[in-house]
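Novice: no sequence for this one, just the structure:
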């Protein structure tokens, strides 16, 4: 265990949901290893429930669309944070907004360490020419490296997930606990290139439903997606659509009680994994080599599109680049593969 002169760390990670979720097991370990260290996490208000139960960790809510918007807003935010007695900053975001805050802290002689995102290596991994296809450092390790530089070394092999949370009466009323295994399915992602085709996902859902072994619980999406999931829920006796039914805190509690989660390369997979839920992720034009696999998941839980047929994978880090002819990459992950992996994981528990 290292020694550091710092007593109160500010940890900055404002978005996105999956990236914020990936801070949780790292911060949980940091808090356990250094119980006298006060940790303040600067993030969006919506993400606050992720940090419930972490010892000596508090959340300071950044209103980046309101009073903390723009340069003046960030200056106001800095002045608010400075009153907390922060003596060092871990910037796990390293974007323009956090860099502006960094400047304010540095001018006040408060040290800041920013995450090295490995942008050069990620460009080499995703380029279409002279691609360097090799695994990069995980995001969890990049977070841990920041704390190491601040004098707080941690060994990620000791990191643990969070415990199950208590379900509210509202959740229990909808889900109705029984002897079925609870399988979460989050079929959406930010970009088409990492969203499994609905027709194929329907095959997975119907097959699981017909076994009468599983309660299939849908997560994620907006109004349009809610309608699609409701169609599945109405036609399958063991399916439940949760969109818009619960608060984020209630949704996290439900996720923590799943037996398994099936997700795209998206935030819901990370949310499940931080609660030690076995998590199967489906990868399209992105790839685990970029370092964004969910916490403590076996490589076999990442089901990959066919790189022999689509050698440009990964085409980008976030899935926002779709080369011509790559529209159907995820069709190379056949439903039978997903179903077999679900069965293997649940039979092993």
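Specialist: Arrived safely. Predicted, not measured: the structure shown is a model, and the values here were computed from it.
Novice: need the strands for the stretch 151-300 of the chain, in chain order.
Specialist: 181-186, 214-218, 239-241, 260-264, 279-283 (DSSP state E, counting those that start in this stretch).
Novice: Let's test this: name the helix or strand in the protein with the lowest mean pLDDT.
Specialist: helix 223-235 (a mean of 86; mean pLDDT, DSSP states H and E).
Novice: So which elements touch that helix?
Specialist: Helix 223-235 sits against helix 198-211, strand 214-218, strand 239-241, with contacts defined as 3 or more CB pairs under 8 Å, 6 or more residues apart in numbering; DSSP states H and E. C-beta coordinates here come from the backbone N, C-alpha and C atoms, glycine included.
Novice: now the longest one, how far from the chain's geometric center?
Specialist: On the basis of CA atoms, centre = their mean, to the nearest Å, helix 198-211 sits 25 Å off its chain's mean C-alpha point.
Novice: Check the shortest one too.
Specialist: If you compare the mean C-alpha spot of strand 239-241 with that of the full chain, they lie 22 Å apart, counting by CA atoms, centre = their mean.
Novice: ok, which stretches of the stretch 1-150 of the chain are strands?
Specialist: 8-12, 38-43, 57-61, 88-91, 112-114.
Novice: I'd like to know how far residue 11 sits from residue 290.
Specialist: Note on residue 11: its distance to residue 290, by CB to CB, to the nearest Å, is 22 Å.
Novice: Of all the residues in stretch 174-186, which ones are buried?
Specialist: By neighbour count on 16 or more other CB atoms under 10 Å, the buried set for stretch 174-186 is 174, 175, 181, 182, 183, 184, 185, 186.
Novice: Which positions in the helix ranked longest in the chain come out as buried?
Specialist: Counting by DSSP state H, the longest helix found in the chain is helix 17-33. Buried residues in helix 17-33, counting neighbours by 16+ other CB under 10 Å, are found at 17-31, 33.
Novice: I'd like to know which elements it is packed against.
Specialist: Counting by 3+ CB pairs under 8 Å, 6+ apart, helix 17-33 packs on strand 38-43, helix 139-149, helix 267-273.
Novice: and if we set it to 6 Å?
Specialist: Here helix 17-33 touches helix 139-149, helix 267-273, going by 3 or more CB pairs under 6 Å, 6 or more residues apart in numbering; DSSP states H and E.
Novice: wait, which of those helices is closest to residue 48?
Specialist: helix 267-273 (13.7 Å; CB to CB).
Novice: Check residue 1 and give its pLDDT.
Specialist: On the pLDDT scale, residue 1 is placed at 49.
Novice: oh, I was asking about residue 347
Specialist: pLDDT, residue 347: 89.
Novice: what's around it, how many residues?
Specialist: 8 (other CB atoms under 10 Å).
Novice: contacting residues for it?
Specialist: With contacts defined as CB atoms under 6 Å, 6 or more residues apart in numbering, residue 347 has no neighbours.
Novice: so where is the stretch 51-200 of the chain shaky, pLDDT-wise?
Specialist: Residue ranges of the stretch 51-200 of the chain with pLDDT under 70: none are present.
Novice: Now do the helices in the stretch 51-200 of the chain.
Specialist: Using DSSP state H, counting those that start in this stretch, the helices assigned to the stretch 51-200 of the chain run over residues 70-82, 96-107, 119-126, 139-149, 169-175, 198-211.
Novice: centre of the chain versus the first one, how much separation?
Specialist: From the chain centre to the centre of helix 70-82 is a distance of 27 Å (CA atoms, centre = their mean).
Novice: Repeat that for the fifth one.
Specialist: Here the centre of helix 169-175 is set off from its chain's centre by 25 Å, with CA atoms, centre = their mean.
Novice: what's next to that helix, contact-wise?
Specialist: Outside helix 169-175, the residues that touch it by CB under 6 Å, 6+ apart are 250, 254.
Novice: Give the buried residues for that helix.
Specialist: 171, 174, 175.
Novice: Adding distance to residue 118, write these out as JSON lines.
Specialist: Formatted as JSON lines, the buried residues of helix 169-175 follow (distance: CB to CB, whole Å):
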{"residue": "171", "distance to residue 118": "39"}
{"residue": "174", "distance to residue 118": "42"}
{"residue": "175", "distance to residue 118": "40"}
